[in-house]
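In: What follows is a predicted protein model with its sequence.
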Amino acid sequence: MERPSLEINLPDTHEEGKLYVVDSLNNLNKLNVCPDGSQHALDEEEDTSGTGENTAGSNIRNQCLFFITFILTLIVSLALVSFVIFLIIQTRNKMDQISSRLISEKKNIEELKKMNNMILKHLNQSGIKE
């Protein structure tokens, strides 16, 4: 589907220049031949052809995806670390409570031992023997 109006006699240039001119003519031909509705189909074909334009967009998309994943991972890690710190503090508070209870019970047991010894001494002094 070439149009005669698009045929141009190209001067002899280097290979890169020829490729650039041919690529430009192909793009111009696609714009002239295809109506607006079918341009989307051509864009999809160009995306799958791997010309390099799609890879730049894909790289940017991949970088954004990586960045978002990295940020989410940091947020989840921060939440987990905060939860662990909270659990450590709660455990320490409980251990402090248990420790203070044990100390008070130890004092009570020592007082009971002293009272028991005093009662035994008093019983021994009064002469009541078993």
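Out: Thanks, I have the structure now.
In: longest helix anywhere in this structure?
Out: When the chain is parsed with DSSP state H, its longest helix is helix 53-126.
In: which helices and strands does that one pack with?
Out: In terms of contacts (3 or more Cβ pairs under 8 Å, 6 or more residues apart in numbering; DSSP states H and E), helix 53-126 is packed against helix 36-49. Where you see a C-beta, it was placed from the backbone N, CA and C, and this is true even at glycine.
In: any idea of the mean pLDDT for the helix it packs on?
Out: When pLDDT is averaged over helix 36-49, the result is 52.
In: and what of stretch 114-130?
Out: Rounded mean pLDDT across stretch 114-130 is 83.
In: as a whole number, average confidence for the helix or strand hosting residue 26?
Out: Using DSSP states H and E, residue 26 falls within helix 15-33. Per-residue pLDDT values over helix 15-33 give a mean of 68.
In: from here on, count from 651
Out: All right, first residue 651 from here; so that's helix 665-683.
In: residues near residue 680, how many?
Out: 16 (other Cβ atoms under 10 Å).
In: separation between it and residue 673?
Out: 11 Å (Cβ to Cβ, to the nearest Å).
In: Same check on residue 730?
Out: 52 Å.
In: Ok, residue 732 next?
Out: From residue 732 to residue 673 the distance is 55 Å (Cβ to Cβ).
In: got it, and residue 749?
Out: In this view, residue 749 and residue 673 are 80 Å apart by Cβ to Cβ.
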